[in-house]
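>>> sequence and predicted model, in that order:
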Amino acid sequence: MVYQGFDREDGLWDIEAQLTDVKTFGFQVPNERLFSGDKPIHNLKIRVTLDNKMVIQDISTSMDDIPHPECVGAPHGMHKLIGCTMGPGWRKTINQHVGGTEGCTHLREMLFNMATAAYQTLPSGQWQRRELPASPTPKLTP
């Protein structure tokens, strides 16, 4: 999994996660399709947009590669996390809103660790916004 945090121009923050799993060999699960080697079984992405208090303002997902047709419906409940705060009780919040059959194990696991990326992104980014002066605008001479 890869996590990244971004300072947005509108004052919000984007935390992104991506999970890609690829086997080096083909295989088949009984009663399912053949999975070829060197092609992603999963390629999942989540972007969570946070305010300065780590309250979720927006959330989006993409599932470019999924192993099972029923996985298509997994992100439908993610919007239930809008308005929730990444902080103490984050795992419980995730499980309440997108737990069990309401979501996808892989998306939940990605969300669990997004809080760590957010805690690494926001405080240092907020410090940078506060402490580092903006570059002066060059003055044009006639």
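Yep, that arrived.
>>> pLDDT on the helix or strand hosting Arg47, on average?
Per DSSP states H and E: Arg47 is located in strand 40-50. Averaged across strand 40-50, pLDDT comes to 86.
>>> and after that strand, which helix or strand comes next?
Assigned by DSSP H and E, the successor of strand 40-50 is strand 56-65.
>>> my understanding was that Gln18 contacts His42; is that so?
No - with contacts counted by C-beta atoms under 8 Å, Gln18 stays clear of His42, the gap being 9.9 Å. (Each C-beta comes from the backbone N, C-alpha and C, glycine too.)
>>> and the strands in this protein?
For the chain, strands defined by DSSP state E occupy the ranges 2-7, 13-22, 27-28, 34-35, 40-50, 56-65.
>>> just how off-centre is the helix or strand bottoming out on mean pLDDT in the chain within its chain?
Ranked by mean pLDDT, DSSP states H and E, the helix or strand of the chain with the weakest confidence is strand 34-35, at a mean of 76. Its chain's C-alpha centre and that of strand 34-35 lie 27 Å apart, by C-alpha atoms, centre = their mean, to the nearest Å.
>>> can you list the strands that it pairs with?
Partners of strand 34-35 in the sheet, by DSSP bridges, are strand 27-28 (antiparallel).
>>> any idea how far the strand it pairs with is from the middle of the chain?
Per C-alpha atoms, centre = their mean, the displacement of strand 27-28 from the mean C-alpha position of its chain is 29 Å.
>>> do the same with stretch 17-26
Distance of stretch 17-26 from its chain centroid, counting by C-alpha atoms, centre = their mean, is 17 Å.
>>> same check on stretch 43-56?
6 Å.
>>> rewinding a little: CA atoms of the strand holding Arg47 as PDB?
Extracted in PDB, the C-alpha atoms of strand 40-50 (Å, rounded to 0.1, in the frame of the first residue of the first chain):
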ATOM      1  CA  PRO A  40      -3.200  -6.700 -10.800                       C
ATOM      2  CA  ILE A  41      -5.800  -8.700  -8.900                       C
ATOM      3  CA  HIS A  42      -6.700  -5.500  -6.900                       C
ATOM      4  CA  ASN A  43      -5.900  -1.900  -7.900                       C
ATOM      5  CA  LEU A  44      -7.800   0.100  -5.300                       C
ATOM      6  CA  LYS A  45      -7.500   3.800  -4.500                       C
ATOM      7  CA  ILE A  46      -9.100   6.100  -1.900                       C
ATOM      8  CA  ARG A  47      -8.900   9.800  -1.600                       C
ATOM      9  CA  VAL A  48     -10.100  11.400   1.700                       C
ATOM     10  CA  THR A  49     -10.300  15.200   1.800                       C
ATOM     11  CA  LEU A  50      -9.900  16.700   5.300                       C
END
